[in-house]
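Engineer: Dropping the sequence and predicted coords here.
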Amino acid sequence: MKALDYPAEVRGILSFDFDGTLYEHEKEVVLDPSFYRKIESLREDGWLWAINTGRSLLYMLEGFKEGRFPFAPDYLVAREREIYTPGDQFGRWHRVEDWHKRYARDTKLFFEEAGEFIELVKEHVTSATAAQWVEEEGDPAGIVASSEEETLEILQFVNEHRHMSNLIGVLHNSIYMRFTHNGYNKGTSLKELAKRSGVGVENVFAIGDGHNDIDKLHPDVAGMIACVGNSQQEVVDYVRGHGGYVAKAHGSLGSIEALTHFLG
């Protein structure tokens, strides 16, 4: 998977969620090849593009392979907050170090301030639910629920205790939930990409399908917001309520539809 040459002049940046917004697990062709042709055309016109996903870097590398990506995005945001740029022909990705150092510093502060909250939630999850508490590198405080209904039940408990720290960030989608410093999510990550690329908010396009995409679908983050036809109803309502575009098509075809609506 090659990295494309950087454009002589950057016009804007395109941000895509991966699962659901591009990648459709249940389809024989998980990501339509016409998406790459659309991106290549816009890329030649000066539009950078990024994948902004809840997946880890390693899990996203599997997605690139399964989706048969012919070229790499200009940026990859993994776990909603880890920023990478494409590396060499061997598929290595480079972490953006200054951003990572700030994130590591703030995350340490978060766990120091919100430790009592984390332990309270962990105790509730392990003793009163069927969910799994997850502690692993990169995700020291996470939950995998047994169902989406259980996710909402746990979220209610979490919200009842969020007053314990003003640094608490809760990222959730489907059965997955993670806790982190509230300054790091898909929205703040996309703002950072736009800043690094010298792009104003009016030239930022963002599209998603799940709850954890809402942070980047805010008008303060992206001037062009959209969701695909298979989005969660909460996301559809949010996009409509903020003057965005709701595609009829699902997955990558819905992303193409939204791109065409805004950029032709």
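Structural biologist: Right, received. Where do you want to start? Residues are numbered from 1 along each chain as shown.

Engineer: which residues in this structure form strands?
Structural biologist: Taking DSSP state E as the test, the strands found in the chain are 2-3, 12-16, 47-52, 71-72, 75-78, 82-86, 93-95, 132-136, 139-144, 168-173, 176-181, 204-208, 224-227, 245-246.

Engineer: Kindly state the beta-bridge partners for the nearest residue to Asp74 once chain neighbours are set aside.
Structural biologist: Once flanking residues are discounted, Asp74 sits nearest to Leu48: 4.3 Å by C-beta to C-beta, 6 or more residues apart in numbering. (C-beta placed from N, C-alpha, C; glycine too.) Beta bridges link Leu48 to Ile13, judged by DSSP bridges.

Engineer: quick one, what contacts Leu48?
Structural biologist: With contacts defined as C-beta atoms under 8 Å, 6 or more residues apart in numbering, Leu48 is in contact with Pro7, Val10, Gly12, Ile13, Leu14, Asp74, Tyr75, Leu193, Ser197, Val199.

Engineer: swap the cut-off to 7 Å and go again
Structural biologist: Applying C-beta atoms under 7 Å, 6 or more residues apart in numbering to Leu48 gives the contacts Val10, Ile13, Asp74, Ser197.

Engineer: I'd like those residues laid out as CSV, including pLDDT.
Structural biologist: Shown next, in CSV, are the contacts of Leu48 (pLDDT from 0 to 100):
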residue, pLDDT
Val10, 95
Ile13, 98
Asp74, 95
Ser197, 94
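
Engineer: Relative to Gly264, which of those is nearest.
Structural biologist: Ile13 (17.0 Å; C-beta to C-beta).

Engineer: Determine the number of other residues adjacent to the closest one.
Structural biologist: 23 (other C-beta atoms under 10 Å).

Engineer: Kindly report the same for Glu112.
Structural biologist: 10.

Engineer: Please apply the same query to Arg79.
Structural biologist: Arg79 has 20 nearby residues by other C-beta under 10 Å.

Engineer: That one contacts Glu136, doesn't it?
Structural biologist: No - between Arg79 and Glu136 there is no contact under C-beta atoms under 7 Å: 11.0 Å.

Engineer: Most widely separated two among the contacts of Leu48?
Structural biologist: Val10 and Asp74 (9.4 Å).

Engineer: Which one of these two is surrounded by more residues?
Structural biologist: Using other C-beta under 10 Å, the more surrounded residue of Val10 and Asp74 is Asp74, with 22 against 15.
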